[in-house]
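**Q** quick one, fold the following:
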Amino acid sequence: MPVDTRAATGEDARVMEELKWVPSTVDVTRPSVARMYDYYLGGSHNFEADRAAAKQVEQIYPSVAQGAQANRSFLRRAVRHLVAEGVDQFLDLGSGIPTVGNVHEIAQHDNPNARVVYVDFEPVAVSHSNALLADNPNATAVLADLRSPAAVLAGAREVLDFDRPVAVLIVAALHFVPDSDDPYGSVAEYLAAFPSGSYLVITHGTQDGITAEEKAMADRIMQVYRNADNQLTMRSHAEVTRFFDGMEILEPGVVLVNDWRPDAYEDPTGVYGAVARKP
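**A** Next up, the predicted model:
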């Protein structure tokens, strides 16, 4: 997308600078859940449409950014635990736009040889990820949809050794996959590709235990996401636990992310998280 920045100043210059790194196929006028999440985390790879939608959610639920941070904190704790257990390969599905505290930063801090494959169908996320990882031979990003395991796995083979354990990370992504797209079948297909000793890490939004007032708030949030590139599908504790069928779920089980082996106090958030091992 060619942009003439010669006469641009102020806000116009900022917008044009943003557009320089955007693939030409990206519709910047439609909110993206990946770019909205980037906004919640304090990132800079989002556009006016993303910020407007994210601010709508913030007006309904002012703690949404804290929830995103709690989710990110869970990811950090889970990855560090897996590295300590000897895992050195990670497949991050629906990885989003790279901001501070990405999987490769966490894993390679403790094991410089750790391998990471990021997967997302958001072109901005993949484009920026690969720019960030240009000098990192053990990490890459693949443009693919997590709902297409065969395509994802074909791309991941370039970096990951499928004969050794792999940690499959699906963090804040499955609640954007409706039942009609068979998310359980996709997760099972990923796990079938990897040997015993592999892991599955999931976080997933829920409406369990909310009041009638909170339910009305959640419905308004879901309406905002209906105008984005993915819609929300919240699931119950039983439905989230089903993703781990046949696996050994690590303590403390499927719990709210702020309750999973916390190392500092975080306010409760309506997101379940768990880590499980393939026997």
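
**Q** and the closest residue to residue 155 other than its chain neighbours, what are its bridge partners?
**A** Leaving aside its sequence neighbours, residue 155 sits nearest to residue 142 (C-beta to C-beta, 6 or more residues apart in numbering; 3.9 Å). For glycine as for every other residue, the C-beta is placed from the backbone atoms N, C-alpha and C. With DSSP bridges as the criterion, residue 142 is bridged to residue 119.

**Q** can you give the contact residues for the helix of greatest length in the chain?
**A** In the chain, taking DSSP state H as the definition, the longest helix is helix 64-84. For helix 64-84, the external contacting residues (C-beta atoms under 8 Å, 6 or more residues apart in numbering) are 37, 40-42, 54, 57-58, 90, 101, 103, 106-107, 110-111, 114, 167, 169, 171-172, 199, 201, 203, 257-258, 260-264, 266-267, 269-271, 273, 275.

**Q** and what of stretch 252-263?
**A** When contacts are defined by C-beta under 8 Å, 6+ apart, stretch 252-263 is touched by residues 70-71, 73-74, 77-78, 81, 203, 237, 240-241, 244, 266-275.

**Q** after the longest helix of the chain comes which helix or strand?
**A** Moving toward the C-terminus from helix 64-84, the next helix or strand (DSSP states H and E) is strand 89-93.

**Q** run through the neighbouring helices and strands of that following strand.
**A** Under the contact definition 3 or more C-beta pairs under 8 Å, 6 or more residues apart in numbering; DSSP states H and E, strand 89-93 sits against helix 103-110, strand 115-120, helix 149-156, strand 167-171.

**Q** the last one pairs with which strands, and in what direction?
**A** Paired neighbours of strand 167-171 in the sheet (DSSP bridges): strand 89-93 (parallel), strand 199-205 (parallel).

**Q** on that earlier part again, tell me which residues in the longest helix of the chain are buried?
**A** By neighbour count on 16 or more other C-beta atoms under 10 Å, the buried set for helix 64-84 is 64-65, 67-75, 77-83.

**Q** mind checking the SS state of residue 196?
**A** Following DSSP: H, G, I helix; E, B strand; the rest coil, the label given to residue 196 is coil.

**Q** that one: how many residues sit nearby?
**A** Close neighbours of residue 196, defined as other C-beta atoms under 10 Å, add up to 8.

**Q** might one say that it is in contact with residue 246?
**A** No - here residue 196 does not reach residue 246: they are 11.5 Å apart, not a contact under C-beta atoms under 8 Å.
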